[in-house]
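# Here is the input, now give the coordinates:
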Amino acid sequence: MATPKRPNSWLKSVDSFGKRAFDLIVSGIALAVLSPLLLAIGLMVRLIDGAPILFFQKRPGKHGKIFRIVKFRTMKEASSSAIKSDEFRLTRLGKFLRATSLDELPELWNVFVGDMSFVGPRPLIVEYLPRYNSNQSRRHNIRPGITGLAQIHGRNQQSWEKRFEDDVWYVDHRNFALDLKILFITLYQVVRKEGISAQGFATMPEFFPSTNDVAEPANIEMSSAEINENDVAAVVKVVRSGRLALGPSVAEFEKNMAKYIGVKHAVAVSSGTAALHLIVKSLGIGPGDEVLVPSFTFAASVSAILYVGATPVFVDICTDTYNLDPADLERRRTSKTKAIMVVDVFGHSADWDSILSFAKKHQLLVIDDCCEALGAEYRGQKVGSFGNAGAFAFYPNKQITTGEGGMIVTNDDELARLCRSYRNQGRDEMGQWLDHARLGYNYRMDEMSGALGVSQLSRIESILLKRANVADMYNKRLANIPGVQLPVIKENMRMSWFVYVITLKEGLSASKLIRELDHRGIPSRAYFSPIHRQTYMAEHLTVTPILPVTDRLRDRTLALPFHNHMTREQVNSVARAIEEILSNKETTNTPVEMAY
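Residues are numbered from 1 along each chain as shown. As a prediction, the model looks like this:
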């Protein structure tokens, strides 16, 4: 196929609109015209192979957004291991439906509702997402298709590497004329039965290496940001524009973040710490006020309270999620208590119903330190939308990154106005550049960071899924290692994996395990060292608080290497090292040694 000239961005936008209109009209007509055939095939599947008639499976769509693809069922039920071992068995009717591609007719519905297009990269199963490199991930920049360039170039006979090359080439060179050509070639091949196989689901062995593989992978990183070509292009575009501050990229990032969280306002700042500081200050918290806060957190949660001269009052945590224990709030509350600083630890939502009920009863302000939890949900509602305001952070080890950066989210108009002023040296939005209405700070986010944030947030669901898949690999591999307790996820919660933290049984030492892992070239970190035990807190505490659950976790919790790109071999190596070290029984408890 001749290589067409790569279209520019505005032509792509026109083509994209025309393509969606084409998909909607043609799929609607096709569903109406083919409805008798669809019903007939469904009846045949039911009579010959039994129920269910349709097959549903989660697949990643545009920007990694997950949808449910629908096909006629062609396979008998199999264990989950069949995905890796290719042991699916076709039904009697399934072989015919596969050979004629009739099994894919229900995908017309996916096209009609906008999950898919007629032409685009075929949507693969979600388990493959963590295996893509940055270039391969670009296949998710557009809607997946019923057919595509890879399909007409050989379909199941192509290597995966070649299929990905075709997919990415199509993303870069797509246009309506090319789509029509691919559609006509596909129809021709279906009629001629060329390049079509009735085999079972094709697997990617290089994406699913054996769990028994003992090869030691090199360079296991503690964390690693996911930066793709779109991210780079977005930042370069800003640099070339010459407008590096106070521009449209940060405004777009704020707009998109507010929409994603489901709040009225988002205010971009230079860090998560800055976000917490401005929230506390804008709420009027200051000297003489007490703020209830867990000690099992990162220092910024407490520092923001100290910055304004208020007093942190430490609250104990739950024994399972390590989030703030609502039952301990009443024991710590005094007449001076003005607010609660809630932390969604490690990406697991706090018990918001109990916390908000307590706050309402005692008329307390509520701040959500959700810096670790972008995308996490509590009963279907995203964290950051609870309480008076929430704070997110975008350091490179977070779910998405802007290098350095943070975001305030709130439904409070006045709080948002004050935060915007404080971040910009105390200027009011309509004031003159050298007119400062209040004492402020230089907490602004720059335009390069804003552009990177826009690009990263556009694929947040794909990123969260990749992190969840890595966590799942850890869960399965560590489940049977004596002395290791896995992370707990409560019902009605959506976990947003920030770090993967294990807990050692009492009597075992995390600090010793950290040292032993380091000797093997595997990084790990103590998460968390309680704040009330930190050196700098000595001058701020008159009495050391009694926090039995928090103190029991000292030197028992540690974060393992964790990021989107971790491979199964790397997870296996980490788990194998932990198993070997713990089996030597040389990890008895000693005072914790922190590494930040």
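# Burial check on residue 99, number of neighbours?
16 (other CB atoms under 10 Å). (Each C-beta comes from the backbone N, C-alpha and C, glycine too.)
# And residue 360, how far from residue 471?
Note on residue 360: its distance to residue 471, by CB to CB, to the nearest Å, is 34 Å.
# between those two, which one's more packed in?
More crowded of residue 360 and residue 471, by other CB under 10 Å: residue 471, with 21 against 10.
# Tell me the gap between stretch 462-478 and the middle of its chain.
Stretch 462-478 sits 11 Å away from the centroid of its parent chain (CA atoms, centre = their mean, to the nearest Å).
# Check stretch 284-295 too.
For stretch 284-295, the distance to the chain centre is 31 Å (CA atoms, centre = their mean).
# now stretch 448-460
Using CA atoms, centre = their mean, the offset of stretch 448-460 from its chain centre is 13 Å.
# Then stretch 438-446?
Going by CA atoms, centre = their mean, where stretch 438-446 is centred and where its chain is centred differ by 29 Å.
# since we're on residue 238, how many residues are nearby?
21.
# In the stretch 451-596 of the chain, mark out all the helices, start to finish.
460-478, 510-519, 548-552, 568-583 (DSSP state H, counting those that start in this stretch).
# Dump those into CSV; add mean pLDDT and distance to residue 41 as well.
Listed next are those as CSV, based on pLDDT from 0 to 100; distance: least, CB to CB, whole Å:
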stretch, mean pLDDT, distance to residue 41
helix 460-478, 94, 32
helix 510-519, 94, 55
helix 548-552, 96, 58
helix 568-583, 94, 38
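# Any chance of these in JSON lines with distance to residue 396 as columns?
Below are these laid out as JSON lines (distance: least, CB to CB, whole Å):
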{"stretch": "helix 460-478", "distance to residue 396": "13"}
{"stretch": "helix 510-519", "distance to residue 396": "21"}
{"stretch": "helix 548-552", "distance to residue 396": "28"}
{"stretch": "helix 568-583", "distance to residue 396": "18"}
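# Now find how far off-centre stretch 127-146 is within its chain.
Worked out by CA atoms, centre = their mean, stretch 127-146 lies 15 Å from the chain centre.
# now the end-to-end length of that stretch.
Taking CA to CA, to the nearest Å, stretch 127-146 runs 20 Å from one end to the other.
# With stretch 425-442 instead?
End-to-end distance of stretch 425-442 (CA to CA): 5 Å.
# Show residues contacting it.
270, 274, 277-278, 417, 420-424 (CB atoms under 8 Å, 6 or more residues apart in numbering).
# Going by neighbour count, list what's buried in it.
If you call a residue buried by 16 or more other CB atoms under 10 Å, then stretch 425-442 has these buried ones: 425-427, 440-441.
# Taking those residues together, which two end up most distant?
Pairwise distances across these peak at 11.2 Å for 427 and 441 (criterion: CB to CB).
# Grab the two from the contacts of stretch 425-442 that are most spread out in space.
It's 270 and 417 that sit farthest apart of those, by CB to CB, at 18.7 Å.
# Among those two, which residue is more densely surrounded?
The neighbour count for residue 270 versus residue 417, taken as other CB under 10 Å, is higher for residue 270 (19 against 15).
# what's the nearest residue to that one if we skip its chain neighbours?
residue 443 (4.8 Å; CB to CB, 6 or more residues apart in numbering).
# same thing with residue 170?
Closest to residue 170 by CB to CB, 6+ apart is residue 149, at 4.5 Å.
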